[in-house]
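Asks: coordinates only, sequence not included:
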């Protein structure tokens, strides 16, 4: 059976990171953008991370520029923006596509596990996937779902 732990993702420096490194930890995987109306959700994501990181929770951010070009071209600008404006200390990975011919394999898997309301495609920035300690996708949240609204579901996985 496939789990999120079977995937590798690119770090901002281009090196591959195995998601096996997060085995046994609840995850929130989210496609992000720095220049979006929903960008303030970084604050809520960081608050969840700070509150639950000692319980093993990890939040993995994947910048995406597919929705109205709302991400910086340079990944260093993205990470600096997130750190300076929202204090983001959870991992931010290399920019990816979440839909179309060049969809990152992890997001292909996530979308197959939990489809959206009308289709499996991701409709906007800040679509969030909750993954249990066994690497199984247990929930998908709409871009407009504030991170705090995930907290009850997240604590059930601790």
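Replies: The structure has been received and is ready for your questions. Since this is a predicted model, take the numbers as computed values, not measurements. Residues are numbered from 1 along each chain as shown.
Asks: Is residue 60 located within a strand, as I assumed?
Replies: Yes - counting by DSSP: H, G, I helix; E, B strand; the rest coil, residue 60 is found in a strand.
Asks: burial measure for it, as a count.
Replies: By the criterion of other CB atoms under 10 Å, residue 60 has 21 neighbours. C-beta coordinates here come from the backbone N, C-alpha and C atoms, glycine included.
Asks: same check, this time on residue 122
Replies: The number of residues near residue 122, taken as other CB under 10 Å, comes to 23.
Asks: Could you do residue 121 as well?
Replies: Neighbours around residue 121, by other CB under 10 Å: 13.
Asks: okay, which residue is most central for this structure?
Replies: residue 30 (2.0 Å; CA atoms, centre = their mean).
Asks: Residue 149 against residue 141, yeah?
Replies: Yes - using CB atoms under 8 Å as the test, residue 149 is close enough to residue 141 to be in contact (7.4 Å).
Asks: And those two? Which one has more around it.
Replies: Just comparing residue 149 and residue 141: by other CB under 10 Å the higher neighbour count belongs to residue 141, 19 against 13.
Asks: Contacts only, for that one.
Replies: 127, 128, 129, 130, 149, 150 (CB atoms under 8 Å, 6 or more residues apart in numbering).
Asks: let's see 7 Å
Replies: Residue 141 makes contacts with 128, 150, as judged by CB atoms under 7 Å, 6 or more residues apart in numbering.
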